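Participant: sequence isn't available, so here's the structure alone:
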């Protein structure tokens, strides 16, 4: 067994200590080993479900970061610009005085999406990062498909197999043509 040194924020260490107490771990090391095993198991299962590396998919990359971390905001922006071929949109929210939440909608090959997400999530000061990959349907779009949103109607020129409209009384807020 190897001994390693890890730097952890005070609030995260408090959470680990609370986990140790709640679950009866005899040491932080035991808790951290279980957390790492759990994450490796989850990542392995997730990797088995992800489409092939070259398959084009859509994804969301969600993360929280401390904007006071030295040059982090600039590094994140530069990283996004270097991967602009995959970026559809990014939403930035000020959560509190120190923390920002960003959600990026991406499209590209799975392998490139993962490399980009890893390059963002691994930055010092980034917390709670997650990439969620969704396979892209391969069906050809129908011409002139109407896609109605809650407050307006407009043409998108792509197929969904359903149309969105106003609440139809069932509380779901849309009608299905399926």
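Facilitator: All right, it came through fine. Predicted, not measured: the structure shown is a model, and the values here were computed from it. Numbers count the residues shown, from 1 in each chain.

Participant: how about the helices of the chain, start to end?
Facilitator: With DSSP state H as the criterion, the chain has helices at 10-23, 28-49, 72-82, 110-121.

Participant: quickly compare those helices and say which is most buried.
Facilitator: Among these, ranked by average contacts under mean count of other C-beta atoms under 10 Å, first place goes to helix 110-121 (a mean of 18). Where C-beta positions appear, they are placed from N, C-alpha and C, glycine not excepted.

Participant: can you give me the angle that one makes with helix 72-82?
Facilitator: If you take axes from the mean of the first three to the mean of the last three C-alpha atoms, to 10 degrees, helix 110-121 sits at 160 degrees to helix 72-82.

Participant: pLDDT of helix 110-121, averaged?
Facilitator: The predicted model assigns helix 110-121 a mean pLDDT of 88.

Participant: in this structure, where is pLDDT below threshold?
Facilitator: 41-53, 136-178 (pLDDT under 70).

Participant: tell me which residues in stretch 100-113 are buried?
Facilitator: 100, 102, 104, 106, 108, 109, 110, 112, 113 (16 or more other C-beta atoms under 10 Å).

Participant: identify the residue spatially nearest to the second one, adjacent ones excluded.
Facilitator: Nearest non-adjacent residue to residue 102, counting by C-beta to C-beta, 6 or more residues apart in numbering: residue 92, 5.3 Å away.

Participant: same check on the last one?
Facilitator: For residue 113, the nearest residue in space outside its immediate sequence neighbours is residue 59; the separation is 4.9 Å by C-beta to C-beta, 6+ apart.

Participant: list the contacts of the one you found.
Facilitator: 105, 106, 107, 108, 113, 117, 131, 132, 133, 134 (C-beta atoms under 8 Å, 6 or more residues apart in numbering).

Participant: having no further points to raise, I will conclude here.
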